[in-house]
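1. Quick one, structure for this:
(2 chains)
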Amino acid sequence: MSAEVTGASGRSLGAEAVRIEGLYKSFDDLAVLKGIDLVVAEHEVVCLIGASGSGKSTLLRCVNLLEPIDAGRVVVEGEDITARGVDIDVIRRRIGIVFQAYNLFPHMSVLENITLAPLKVLKKPKDEARSDAMALLKRFGLVDKADQYPDRLSGGQQQRAAIVRALAMQPDLLLLDEITSALDPELVAEVLDVIRELAVSGMTMIIATHEMGFAGDIADRVCFLDQGQILEDGPPMQLFGNPQEARTREFLQRVIESGRMGGQAAKHMRIDPAPSAGTAPTREGR
Amino acid sequence: MLLVVVVFIVVNSPGWERVQATFFSFEVFEERFEQLVRAFRKNIQIFLIAQVLVLIGGLILAVMRSLHSPVFFPIRAAATIYIDIFRGVPSILIIFLLGFGIPALRIPGTTTEPFFWAIVALTLIWSAYVAEVYRAGIESVHPSQDAAARSLGLSATQSMRYVVLPQAVRRVIPPLLNDSIGLLKDTALVSFIGAVEIFRRAQIVQAAEFNFTPYLIVAVIFLLLTIPMSRFVDWLVARDRKRQMAGAR
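-> Sure thing, here's the model as predicted:
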């Protein structure tokens, strides 16, 4: 338990990667984000937890500017990406995002999905884009799916392909938006394993998730979002083991009752996890 | 059943013998069929050239209408007004206005060739219809596809070109073919500005023979083309439906 404050996972953290300051976002009359402040260091893995509608997805979509923000700023590696005159297409190359519903392009093969952006955006030569993509597919066990169309793949394979597609742009930051929520329970583990590997390799990630066990395992920091604000944040051991806010405790209690708590998070809480198909094996002996 | 009743009434009507002779003359049919098929080649030419232009023009209009940014309001508005006008006015009026109006202006360098103005008029009219078909296709592609493309760093244009349009066009091929049938039929309208195509030829033959059978021949020739096209559309729709069911495992 040495490096909890800066890196609960034991990874050494680098310089500031993302700084979000006073972020506000409304959809018409509905205020979704009400003053979010969050700093993420290089190599850090931050998990966003909270009930549906608490603003997790919107926060991620604001970070890569899929949603224009109302107030505040987002700074990526020292550059204010919410400033006027910034070319958002250039910014987005450095920020990968993976969606709950995969959003693969159904009219393209897996390989074409992955090489599209490297070819058209980075202007990589065809051979290079192809061999880079094949290397990534090999790394994530999808090499035999390269020429398949997405509808021939299982949900887990599709989601892994979507992750590879994001990685092919060699992003500095990866945003994961409830990437296992649409998956059948038995397919969740294969996707979470990919994320674990990325965390080990030092990828900076912000992850919105309902998988508490996974968040407990992988996160350096867990942020609890409630009604558009970060109500509480800290290393998983602290947030799951000794939550300060009543609402955090309430939320975690509901999660336990629904049987979606597992892994380290449950251990921190000293509560036997209900058998949950959606959680990955616990990482022991850290 | 209804058909049997109608046929019975028609065949037993007092004027049937006269009508049979003037509309269903087998001799005239046999004698003039080939001539009218030859005239139909002109319709096919007009159709093919206009069809290519319509597919391009309609796509451009649809993309103009699908631009979302407020910056593009004038472009969007222009496309909308264009489509409203050309869909809202009877085709024959536009063909008249172009076919008679522009040659009457006698602007140096412009042609009075009715075939040219026929193609222009049909292109202008059907681009408006086809634009709406394309637009329905573009809007049927879920916004998350565009979001995924944009987050990979693709520009709005690239996302439209590589991600949205290929999916949109595939989905609207059956309705596009329906509009092709409409365009093919509309080629008969250009006879009114003096282009000698199948309908005009049939009028000439009718006047010479005092017999209306040529019109029946025209109908048969059109049907020989449009019915297979209709069945092809049905087949495509059925195939897509099957595919969707297979996809929703």
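2. going forward, measure contacts and count neighbours with C-alpha atoms only.
-> Will do.
3. Quick check: residues of chain B near chain A?
-> Proximity of chain B to chain A (C-alpha under 8 Å from any C-alpha of the partner chain) is limited to residues B:144-145, B:147-148, B:150-155, B:158, B:163, B:166-167, B:247.
4. Who wins on neighbours among those?
-> Most neighbours among these, by other C-alpha atoms under 10 Å in any protein chain shown: residue B:152, with 30 neighbours.
5. closest to chain A among the residues of chain B next to chain A?
-> Comparing the residues of chain B next to chain A against chain A with C-alpha to the nearest C-alpha picks out residue B:153 as the nearest, at 4.7 Å.
6. what's the distance between the closest one and residue A:180?
-> Computed as C-alpha to C-alpha, to the nearest Å, the residue B:153 to residue A:180 distance reads 24 Å.
7. where exactly do the helices run in the chain?
-> Looking at chain A here, since you left the chain open. With DSSP state H, the ranges of helices along chain A come out as A:4-7, A:56-63, A:88-94, A:110-120, A:126-139, A:155-167, A:185-200, A:212-218, A:236-241, A:246-257, A:263-269.
8. My question was about chain B, not that one.
-> B:2-11, B:16-23, B:26-65, B:73-88, B:91-96, B:102-105, B:114-140, B:143-151, B:156-158, B:165-171, B:173-186, B:198-209, B:213-247.
9. Residue A:104: which of those is closest?
-> Residue A:104 lies closest to helix B:143-151 among the helices of chain B, at 7.5 Å (C-alpha to C-alpha).
10. Low-confidence stretches in chain B?
-> Low-confidence segments of chain B (pLDDT under 70): B:244-249.
11. okay, which residue is most central for it?
-> Nearest to the geometric centre of chain B sits residue B:183, at 1.7 Å (C-alpha atoms, centre = their mean).
12. what sits against the closest residue to residue B:145 other than its chain neighbours?
-> Nearest residue to residue B:145 in three dimensions, chain neighbours excluded: residue A:103, at 5.9 Å (C-alpha to C-alpha, 6 or more residues apart in numbering or on different chains). Contact partners of residue A:103, counting by C-alpha atoms under 8 Å, 6 or more residues apart in numbering or on different chains, are A:162, B:144-145, B:148.
13. winner for burial among the helices of chain B?
-> helix B:114-140 (a mean of 22; mean count of other C-alpha atoms under 10 Å in any protein chain shown).
14. Give the other helices and strands that that helix contacts.
-> Contacts defined by 3 or more C-alpha pairs under 8 Å, 6 or more residues apart in numbering or on different chains; DSSP states H and E place helix B:114-140 against helix B:26-65, helix B:73-88, helix B:91-96, helix B:165-171, helix B:173-186.
15. Next, the angle from the second one to helix B:114-140.
-> Right, helix B:73-88. Helix B:73-88 and helix B:114-140 are oriented at 120 degrees to each other (axes from the mean of the first three to the mean of the last three C-alpha atoms, to 10 degrees).
16. Give me the contacts around helix B:73-88.
-> Against helix B:73-88 from outside (C-alpha under 8 Å, 6+ apart): B:61-62, B:64-67, B:124-125, B:128-129, B:131.
17. please redo it, this time with the cut-off set to 7 Å
-> With contacts defined as C-alpha atoms under 7 Å, 6 or more residues apart in numbering or on different chains, helix B:73-88 is touched by B:61, B:64-65, B:67, B:125, B:128-129.
18. how close does residue B:65 sit to chain A?
-> 21 Å (C-alpha to the nearest C-alpha, to the nearest Å).
19. Which residue, other than its chain neighbours, is closest to that residue?
-> residue B:76 (4.6 Å).
20. Same check on residue A:170?
-> Nearest to residue A:170 is residue A:94, by C-alpha to C-alpha, 6+ apart, at 7.1 Å.
21. On the pLDDT front, check the one you found for me.
-> If you check residue A:94, the pLDDT there is 90.
22. Report the contact partners of it.
-> Contact partners of residue A:94, counting by C-alpha under 7 Å, 6+ apart, are A:171-173.
23. Kindly confirm whether my reading is correct that residue A:90 touches residue B:153.
-> Yes: when contacts are counted by C-alpha atoms under 7 Å, residue A:90 is listed as touching residue B:153 (6.4 Å).
24. and the gap between the residue nearest to the centre of chain B and chain A?
-> Note on residue B:183: its distance to chain A, by C-alpha to the nearest C-alpha, is 29 Å.
25. which parts of chain A sit against chain B?
-> Contact residues, chain A versus chain B (C-alpha under 7 Å from any C-alpha of the partner chain): A:66, A:89-90, A:92-93, A:96-97, A:103, A:105, A:107, A:117, A:121, A:151, A:166.
26. farthest pair in these?
-> Farthest apart among the residues of chain A next to chain B by C-alpha to C-alpha are A:90 and A:151. That separation is 30.3 Å.
27. which sections of chain A are below the confidence cut-off?
-> Where chain A drops to pLDDT under 70, the residues are A:1-7, A:259-286.
28. try it again with 50
-> Within chain A, the segments meeting pLDDT under 50 span A:1-5, A:270-286.
29. Residue B:90 - how many residues pack around it?
-> Neighbour count for residue B:90, taken as other C-alpha under 10 Å: 11.
30. same deal with residue A:152?
-> 12.
31. cool, and the one 3 residues further on?
-> Around residue A:155 there are 20 other residues, counting by other C-alpha under 10 Å.
32. likewise the one 3 residues further on?
-> One way to gauge burial is a neighbour count; for residue A:158, by other C-alpha under 10 Å, it gives 24.
33. so it sits right up against residue A:151, yeah?
-> No: counting by C-alpha under 7 Å, residue A:151 is not a contact partner of residue A:158; they are 8.3 Å apart.
34. Residue A:189 and residue A:157: what is the separation?
-> Taken as C-alpha to C-alpha, the span from residue A:189 to residue A:157 is 11 Å.
35. just residue A:252 next, same as before
-> From residue A:252 to residue A:157 the distance is 30 Å (C-alpha to C-alpha).
36. Kindly report the same for residue B:186.
-> Separation of residue B:186 from residue A:157 (C-alpha to C-alpha) stands at 50 Å.
37. now residue B:183
-> 45 Å.
38. what sits against residue 174?
-> By default, I'm working from chain A. If you count contacts by C-alpha under 7 Å, 6+ apart, residue A:174 has them with A:95-97, A:204-206.
39. wrong one, chain B
-> B:233, B:236-237.
40. I'd assumed residue A:101 was in contact with residue A:162.
-> No: Residue A:162 lies out of contact with residue A:101 (C-alpha under 7 Å); the separation is 9.6 Å.
41. Pick out whichever of those two has more residues nearby.
-> The residue with more neighbours, out of residue A:162 and residue A:101, is residue A:162; 26 against 18, by other C-alpha under 10 Å.
42. contacting residues for the more buried one?
-> Residue A:162 neighbours (C-alpha under 7 Å, 6+ apart): A:98, A:102, A:104.
43. got it, and residue A:150?
-> A:104, A:106, A:109-110, A:158.
44. and if you look at residue A:30?
-> So residue A:30 contacts nothing (C-alpha under 7 Å, 6+ apart).
45. That one bridge partners, please.
-> Using DSSP bridges, the beta-bridge partners of residue A:30 come out as residue A:27.
46. ok so, going back, adding distance to residue B:101, write the contacts of residue B:174 out as JSON lines.
-> Below are the contacts of residue B:174 laid out as JSON lines (distance: C-alpha to C-alpha, whole Å):
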{"residue": "B:233", "distance to residue B:101": "37"}
{"residue": "B:236", "distance to residue B:101": "41"}
{"residue": "B:237", "distance to residue B:101": "41"}
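47. out of those, which one sits closest to residue B:114?
-> Nearest to residue B:114 among those, with distances taken as C-alpha to C-alpha, is residue B:233, at 31.5 Å.
48. Identify the nearest residue to the closest one in space, disregarding sequence-adjacent positions?
-> Going by C-alpha to C-alpha, 6+ apart, residue B:233 has residue B:174 as its nearest residue, at 5.2 Å.
49. then stretch B:190-200 to CSV, C-alphas only?
-> The C-alpha trace of stretch B:190-200 is given here as CSV (Å, rounded to 0.1, in the frame of the first residue of the first chain):
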residue,chain,number,x,y,z
VAL,B,190,-41.0,15.3,-73.8
SER,B,191,-43.1,14.6,-77.0
PHE,B,192,-44.9,17.8,-76.1
ILE,B,193,-41.9,19.9,-76.9
GLY,B,194,-41.4,18.2,-80.2
ALA,B,195,-38.9,15.5,-79.5
VAL,B,196,-39.8,12.6,-81.7
GLU,B,197,-39.8,9.7,-79.3
ILE,B,198,-42.1,6.8,-78.9
PHE,B,199,-45.2,8.7,-77.9
ARG,B,200,-44.8,11.3,-80.6
